[in-house]
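Student: Pasting the sequence and the predicted model now:
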Amino acid sequence: MKLDEVVSAAKTQFEKIVLLGAWVHRQWRMGANFYYPPWDAVEILDLARQHDNRGFCAQYAIVFLQACQSMGIHARYVDLPGHFVVAVWSDDFNRWVVMDPTNDLHYEKDGLPLRGRDLYRAYWDGALHGIVQVDSAGGRRAVTRDDLSNYRLYSIGRFANQLSEPVEVKCNGALRKLVLASDYRTYPKVGRDRLEVTTEFLAWRSAEEPFPHRTQSADQDAFRNALNQTIMFLANERIRNRILKVALLSNNSPTFEKFLIRSDESTDWVPTTSTTIKWLLHPGMNELYARIETRDGWRANVSSMRMFYKPPLVEFLPSFRGNVFRLIWHRSV
């Protein structure tokens, strides 16, 4: 599929995500009477190109999600009433962002791509001011409440591993796993068969309208599920020869490769796979930065730690040896 060529013009990870969505959108014209293949991007594309088997929103979402995964970009399925889209983890914006490859668009407010629950809340609160839908060509249009009607209910897929664990469907009342077949005509046919996908979704608990047949939760952390976060903390409290040990922890980083470290006295990021580093302090306020780099080269959100260091008052007197320091905080920036 030569996806590297598809995204070659992009300068950021998010620009690559947008280009992947646009590429998927162009692969076929949506249909409503087609054989429903396994959740396998290659099979979906082959059937569309060779047999004019034109899927609908689910097939666009599957191809897009697996294209993202092939480039080391984390993604999950999003099921809405009457529509199927994808949430992509953006290391550029440090959040999940909803992408709609079927319609080649995403949503923004003040230049920030929006999450599914942002759109859910905007629909129910009527807080539409400043929200625009953006296409891959840069076209922007202010949204109406009708534009967001699919987001009145919101659920995320618990799994995005259907290449290794084929999806199960109920076809004409009988359960079956969708696996690759030599004859595509043995797949269930939309428009002929009664078809229900049984993969597991978690719905945001809505006070306005329940999502039918979905496990529901009001725990925001279950939907945020931040990826590629760096946690920084002191490995000890004693400073020797201006050196302080700092421990690093990669949190929820499935494709972690290494940490990148930088102090306020340097401009270059230094790679390390160690979970403990030695921080050389200078008198006054010090700042240390750390971030994760994944196996595919994506650089995650920056965390930082600030430290005020005061050298020993009288170095030659043992009773005065020691250090006075004040921990300010560590934070994500």
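Tutor: Happy to help now that I have it. This structure is a prediction, so every number in the text was calculated from the model and none was measured. Numbers count the residues shown, from 1 in each chain.

Student: going forward, measure contacts between C-alpha atoms and count neighbours the same way
Tutor: Noted.

Student: Which helix or strand contains the residue nearest to Gly116 when sequence neighbours are not counted?
Tutor: Closest residue in space to Gly116, ignoring its immediate chain neighbours: Val98 at 5.8 Å, by Cα to Cα, 6 or more residues apart in numbering. Using DSSP states H and E, Val98 falls within strand 95-100.

Student: can I get the CA coordinates of that strand in PDB?
Tutor: The C-alpha trace of strand 95-100 is given here as PDB (Å, rounded to 0.1, in the frame of the first residue of the first chain):
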ATOM      1  CA  ARG A  95      -5.000  13.300  23.600                       C
ATOM      2  CA  TRP A  96      -7.300  11.000  21.800                       C
ATOM      3  CA  VAL A  97      -8.700  12.600  18.600                       C
ATOM      4  CA  VAL A  98     -11.700  11.500  16.700                       C
ATOM      5  CA  MET A  99     -11.100  11.000  13.000                       C
ATOM      6  CA  ASP A 100     -13.900  10.200  10.400                       C
END
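
Student: and that strand, what does it pack onto?
Tutor: strand 83-90, strand 105-109 (3 or more Cα pairs under 8 Å, 6 or more residues apart in numbering; DSSP states H and E).

Student: related to what we said a few turns ago, can you report how many residues lie near the residue nearest to Gly116?
Tutor: Neighbour count of Val98, defined by other Cα atoms under 10 Å: 27.

Student: can you count the residues close to Asn228?
Tutor: 24.

Student: Show the contacting residues for the residue nearest to Gly116.
Tutor: Val85, Val86, Ala87, Val88, His106, Tyr107, Pro113, Leu114, Arg115, Gly116 (Cα atoms under 8 Å, 6 or more residues apart in numbering).

Student: Same check on Ala300?
Tutor: Asp91, Asp92, Asn94, Asn228, Gln229, Arg291, Ile292, Glu293.

Student: repeat that with 7 Å
Tutor: Asp91, Asn228, Arg291, Ile292, Glu293 (Cα atoms under 7 Å, 6 or more residues apart in numbering).

Student: Once you drop chain neighbours, what's closest to the second one?
Tutor: When you say that, I think you mean Asn228. Ser253 (4.4 Å).

Student: for Ala137, helix, strand, or coil?
Tutor: Under the three-state scheme (DSSP: H, G, I helix; E, B strand; the rest coil), Ala137 adopts coil.

Student: List the beta-bridge partners for the residue sitting nearest the centre point of the chain.
Tutor: Centroid-nearest residue in the chain, with Cα atoms, centre = their mean: Trp89, separated by 1.0 Å. Beta-bridge partners of Trp89, counted by DSSP bridges, are Trp96.

Student: from memory it sits against Gly72, does it?
Tutor: No. Counting by Cα atoms under 7 Å, Trp89 does not reach Gly72; the two are 10.4 Å apart.

Student: three-state assignment of the closest residue in space to Asn286 that isn't next to it in sequence?
Tutor: Leaving out its chain neighbours, the residue that sits closest to Asn286 by Cα to Cα, 6+ apart is Met307, at 5.0 Å. Of the three states, Met307 takes strand according to three-state DSSP.

Student: Quickly note the distance from Met307 to Glu265.
Tutor: 13 Å (Cα to Cα, to the nearest Å).

Student: out of those two, which sits in the more crowded spot?
Tutor: Met307 (19 against 11).

Student: Settle this for me: that one is touching Gly284, isn't it.
Tutor: No. Met307 lies out of contact with Gly284 (Cα under 7 Å); the separation is 8.1 Å.

Student: Give the full set of residues in contact with Asp91.
Tutor: Asp91 touches Arg299, Ala300, Asn301, counting by Cα under 7 Å, 6+ apart.

Student: Okay, the second one and Arg224: tell me how far apart.
Tutor: Right, the one you point to is Ala300. For Ala300, the distance to Arg224 equals 16 Å [Cα to Cα].

Student: Could you look up the SS state of the nearest residue to Asp264 once chain neighbours are set aside?
Tutor: Spatially, and ignoring its direct neighbours in sequence, Asp264 is nearest to Glu287 (5.3 Å; Cα to Cα, 6+ apart). The three-state label given to Glu287 by three-state DSSP is strand.

Student: Then Arg121?
Tutor: Arg121 - assigned by three-state DSSP - is helix.

Student: any idea how far it lies from Leu202?
Tutor: Distance of Arg121 to Leu202, given as Cα to Cα: 17 Å.

Student: Many thanks, I have nothing further to ask.
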